[in-house]
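**Student:** I'll drop the sequence and a predicted model, then ask my questions.
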Amino acid sequence: MKVIAMIPARYDASRFPGKLMQDLAGKSVIMRTYQATLDTSLFSKVYVVTDNDIIFNEIKNNGGDVIMSKNSHESGSDRIAEAALSIDCDIIVNVQGDEPFTEKESLKSLINIFNCDSDNNIDLASLMVKIDNEDDINNPNCVKVITDINNFALYFSRSRIPYQRSITDQPNYYKHKGIYAFRKSTLLEFTNLLMLDLEKSEKIECLRFLEHGKKIKMVESNVEGVEIDTPNDLVKANKLWNQ
């Protein structure tokens, strides 16, 4: 089974434009993410996929593998699907460019989902991490996920889910880490699925799969790290990196 990683990298992020080129302990965020993914040694190849010359040159000039996407895309999965079309592989792990704390054990757990799936019943897997901080639970930038008893995703939302109606019943809350592992055929199919109302409303790309009746297997991780969505996240990331 040939497994590659692809890191979609857009420069003009709506909440924090240029965030991937910000400094994180002496290197750009995108280089930190690329290097962290490479250092896991889990992949035949690691590619950054971008539509921006600044990011392209950043990776290229530092000896990395980078692909320039030709078209504009609504989501990171759409972007890497274009690049993956001509690449020979079985599994594609989509690592978000703003995830510099990407680490081996979580990615290995994702890949193992497919190693254990001899009947090819699972097309897509993703990560979640348990959270108990009220600020995170109520933060719309922190996407939450709820699952069934077999850890298949039921819904993703920027809202607080599940709703705690009774103070005596304390639910568990899980943050969705935007790292996906696709079978190549599933990723290519994604680009042909229409964006429907829930994805348009929440701006969460994996809702496209759920709205079209697909299943997403969730894997729990114990590593939260810091996803860099805002300038304040970058401050937190620098502090964490230097600890």
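**Tutor:** Ah, there it is.
**Student:** secondary structure class of Leu42, three-state.
**Tutor:** Reduced to three states with DSSP: H, G, I helix; E, B strand; the rest coil, the structure at Leu42 is coil.
**Student:** which strand runs longest in the chain?
**Tutor:** Ranked by residue count and defined by DSSP state E, the top strand of the chain is strand 173-183.
**Student:** helices or strands next to it in the packing?
**Tutor:** helix 76-84, strand 91-94, helix 104-115, strand 124-131, strand 144-147, strand 217-221 (3 or more C-beta pairs under 8 Å, 6 or more residues apart in numbering; DSSP states H and E). To be clear about C-beta, it is placed using only N, CA and C from the backbone, and glycine gets the same treatment.
**Student:** nearest to Met6, of these?
**Tutor:** Of all those, helix 76-84 sits nearest to Met6, with 4.1 Å by C-beta to C-beta.
**Student:** just the CA trace of the closest one, in PDB.
**Tutor:** C-alpha atoms of helix 76-84 as PDB (Å, rounded to 0.1, in the frame of the first residue of the first chain):
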ATOM      1  CA  GLY A  76      -8.100  21.900   0.600                       C
ATOM      2  CA  SER A  77      -9.400  18.500  -0.400                       C
ATOM      3  CA  ASP A  78     -10.400  19.900  -3.800                       C
ATOM      4  CA  ARG A  79      -6.900  21.400  -4.200                       C
ATOM      5  CA  ILE A  80      -5.000  18.200  -3.400                       C
ATOM      6  CA  ALA A  81      -7.400  16.100  -5.600                       C
ATOM      7  CA  GLU A  82      -6.200  18.000  -8.600                       C
ATOM      8  CA  ALA A  83      -2.600  17.300  -7.800                       C
ATOM      9  CA  ALA A  84      -3.200  13.700  -6.900                       C
END
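**Student:** which residues does that helix contact?
**Tutor:** 4, 6, 8, 10, 47, 49, 51, 67, 69-71, 73, 92, 94, 96-97, 178, 180, 182, 184, 187-188, 190-191, 205 (C-beta atoms under 8 Å, 6 or more residues apart in numbering).
**Student:** can you mark which positions in stretch 226-243 are buried?
**Tutor:** Going by neighbour count (16 or more other C-beta atoms under 10 Å), the buried part of stretch 226-243 is Val226, Glu227, Ile228, Asp229, Asp233, Leu234, Ala237, Asn238.
**Student:** would you turn the residues you listed into CSV with distance to Lys104?
**Tutor:** Shown next, in CSV, are the buried residues of stretch 226-243 (distance: C-beta to C-beta, whole Å):
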residue, distance to Lys104
Val226, 18
Glu227, 18
Ile228, 20
Asp229, 23
Asp233, 22
Leu234, 24
Ala237, 19
Asn238, 22
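**Student:** worst-scoring helix or strand of the chain, pLDDT-wise?
**Tutor:** helix 76-84 (a mean of 87; mean pLDDT, DSSP states H and E).
**Student:** now do it against strand 124-131, angle only.
**Tutor:** In terms of direction (axes from the mean of the first three to the mean of the last three C-alpha atoms, to 10 degrees), helix 76-84 departs from strand 124-131 by 140 degrees.
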